[in-house]
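S.K.: requesting a structural model of the entry that follows:
(chains A and B)
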Amino acid sequence: MSLWNKHQIFEKNSIILVIGVLIVISIGGLVEILPLYYLKSTIEKVEGMRPYSPLELAGRDIYVREGCYNCHSQMIRSLRDEVERYGHYSLAAESMYDRPFQWGSKRNGPDLARVGAKYSDDWHRQHLDNPRQMVPGSIMPAYPWLAKTELDTREVASSMKVQAFQGVPYTPEMIENAEKDLVTQATTDSPNADALTKRYPKAQVRKFSGGTGAVNEADALIAYLQMLGTLVDFKVYDGKANLR
Amino acid sequence: MSTPQHQEVDAHTGTATTGHEWDGIRELNTPLPKWWLYILYATIVWSFGYFIVYPSWPLLASHTPGVLGWTSRGAVTADLQSLQVQRAPMLSALDAASFTDIAKDEKLRGFAIAQGRAAFGDNCAPCHGSGGGGSPSFPNLNDDDWLWGATVEDIRQTIAYGVRSGHEQTRVGAPMPAFGQTGMLKPAEISQVSDHVRAMAGLPTEKGYDAALGEKLFSEQCSSCHGDTGKGNIELGAPNLTDKIWLFGSDKASIADGVNRGRGSIMPAWTGRLDDTTIKALAIYVHGLGGGK
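M.R.: Below you'll find the model as predicted:
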């Protein structure tokens, strides 16, 4: 029996075949995925990244719930046209606290990686309420219930605990103050804003959906959208050291 | 490839079998087409060329860089630089020229407008409309009514630093107070002053409008920003109330809503997000939409 014929061992024993297939696939996985965990070059050294504030995290959950990632990417690729239109290409560091990441794979709508501070809160509120009002040819669905639905804040602290378990550096102090911080961030001129921005630098504090009343889902989603891509300080980012 | 030892030949097709047999059924040994196989081998050989030339294998501390030293981030940086070089003569001319000179130079003006139009499409059109037509609460840029000044320099400043944007050089003009919500005006007074605003614009007023009372309330509460005759004040971004252009609507309900809840729209600052030359080009484009002075 020549060596070539040894494959009959696999062909004739399904369990051995399954084990063989698993070994071959895991080699591919190990070579492609494992190095990302130990290579220091995977995540760039940047200034300014912090975990999401409770309000932003709640907004992110709504972003996921409504399936925004199905039509909007959050990944500016290192291609000339994308950098010209959307700004600096996305860095790995910018999604290091994203679990799961929201890179997306489809752009029915524009990329949102740097949409933060690009439009006013008013624009976002009206656009979520009825995209056609702002962009006549838009095919985006309307989300009018967001501004009318009070935000369920009961889960935010436990959600942060899960994130911390996954490696996001939420401190016990952050988790303890989660609900308070959430309300603070959605209150214009809140007296507790300083404590919040100490825990979450650069956090924007205001009633994002305008008006008054309890924190609603639009507040959370707009807070999330308005901070996207605004954290990393590109003035001190060393692009040359991070070529890859 | 394989040369099975059992050279059994299937009588029906004349093809050798693999020698496997299940319940009396035997499998034909049909080799892969030669062209397919050689392409597969060629791709394997090609991949070794790739390993040598491009970054590929992960190592313990880094990865094999490849002899070309190519990186996707380096490539896009070089791409953008070459674009910069390509545009540099026109861009630096645009940068150096004053607005008056640009207005005289047809070629430079055309370049600025093309640059401005492209930037407008992505950055400004979501609020101001793709033709600059605006929508309720987002100003129309085609008309000759300007909240913060109509010269190209005024427009440049508004684009660069925004309106109530939080930027230190932003246009601030105190936002219009919420006269109703803060109790400065009672509902009946809001009704009177709203009718008075309509009267100033030459629009019909409702029954029960007392011109003397409306004027008194207006001069007490509104005239410090909007002026005694309601012509507005560009320094404060206070709109002219006597013309036919209405940012939030000219019906009494919209006016009363503004008086009740206040107004204070925000425009983001674009400096930092867009470079100075693009902002200059945008100002020229917007100024050229029709309403600039």
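S.K.: count the residues that sit near the residue in chain A that chain B sits nearest to.
M.R.: Closest contact between chain A and chain B, by Cβ to the nearest Cβ, is at A:Pro35 (3.4 Å). Any C-beta I mention is one placed from the backbone N, CA and C, and that applies to glycine too. Using other Cβ atoms under 10 Å in any protein chain shown, the number of residues around A:Pro35 comes to 17.
S.K.: which residues touch the residue lying closest to it once chain neighbours are set aside?
M.R.: Nearest residue to A:Pro35, sequence neighbours excluded (Cβ to Cβ, 6 or more residues apart in numbering or on different chains): B:Pro58, at 3.4 Å. Contacts for B:Pro58 (Cβ atoms under 8 Å, 6 or more residues apart in numbering or on different chains) come out as A:31, A:34-35, A:39.
S.K.: burial count for B:Gln115?
M.R.: For B:Gln115, using other Cβ under 10 Å, the count is 21.
S.K.: what helix or strand is it on?
M.R.: Using DSSP states H and E, B:Gln115 sits within helix B:106-123.
S.K.: get me the contact residues on chain A for chain B.
M.R.: A:1, A:4-5, A:11, A:31, A:34-35, A:38-41, A:78-80, A:83-85, A:87, A:89, A:117-123, A:126-127, A:133-136, A:239, A:242-244 (Cβ under 8 Å from any Cβ of the partner chain).
S.K.: sec struct for B:Val197, please.
M.R.: At B:Val197 the chain is in helix, as set by DSSP: H, G, I helix; E, B strand; the rest coil.
S.K.: can you pull the contacts of it?
M.R.: Counted by Cβ under 8 Å, 6+ apart, B:Val197 has contacts B:218, B:222, B:230, B:241, B:255.
S.K.: quickly name whichever of those is closest to B:Ala16.
M.R.: B:Ile255 (92.5 Å; Cβ to Cβ).
S.K.: please name the nearest non-neighbouring residue to the closest one.
M.R.: B:Ser194 (4.3 Å).
S.K.: so the one you found is in which element?
M.R.: Assigned by DSSP H and E, B:Ser194 falls in helix B:187-200.
S.K.: ok, and for that helix, which residues are buried?
M.R.: Along helix B:187-200, these residues count as buried under the neighbour rule (16 or more other Cβ atoms under 10 Å in any protein chain shown): B:189-200.
S.K.: format the residues you listed as TSV; extra columns: pLDDT and distance to B:Gly49.
M.R.: Output for the buried residues of helix B:187-200, formatted as TSV (pLDDT from 0 to 100; distance: Cβ to Cβ, whole Å):
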residue	pLDDT	distance to B:Gly49
B:Glu189	93	83
B:Ile190	93	78
B:Ser191	93	81
B:Gln192	93	84
B:Val193	93	79
B:Ser194	93	77
B:Asp195	93	81
B:His196	93	81
B:Val197	93	76
B:Arg198	94	78
B:Ala199	92	82
B:Met200	91	79
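S.K.: want to try TSV for these, with distance to A:Ala223 as columns?
M.R.: Below are the buried residues of helix B:187-200 laid out as TSV (distance: Cβ to Cβ, whole Å):
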residue	distance to A:Ala223
B:Glu189	36
B:Ile190	32
B:Ser191	36
B:Gln192	39
B:Val193	35
B:Ser194	34
B:Asp195	39
B:His196	39
B:Val197	35
B:Arg198	38
B:Ala199	42
B:Met200	40
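S.K.: next, B:Leu28: phi, psi?
M.R.: The phi/psi pair for B:Leu28 (degrees, to the nearest 10) reads phi -70, psi 140.
S.K.: give the bridge partners for it, please.
M.R.: Note on B:Leu28: beta-bridge partners by DSSP bridges are B:Thr17.
S.K.: for it, what are its contacts?
M.R.: B:10, B:13, B:15-18.
S.K.: low pLDDT regions in chain A?
M.R.: Along chain A, the model assigns pLDDT under 70 to residues A:1.
S.K.: all strands for chain B, in order.
M.R.: For chain B, the strands defined by DSSP state E occupy B:17-22, B:25-28.
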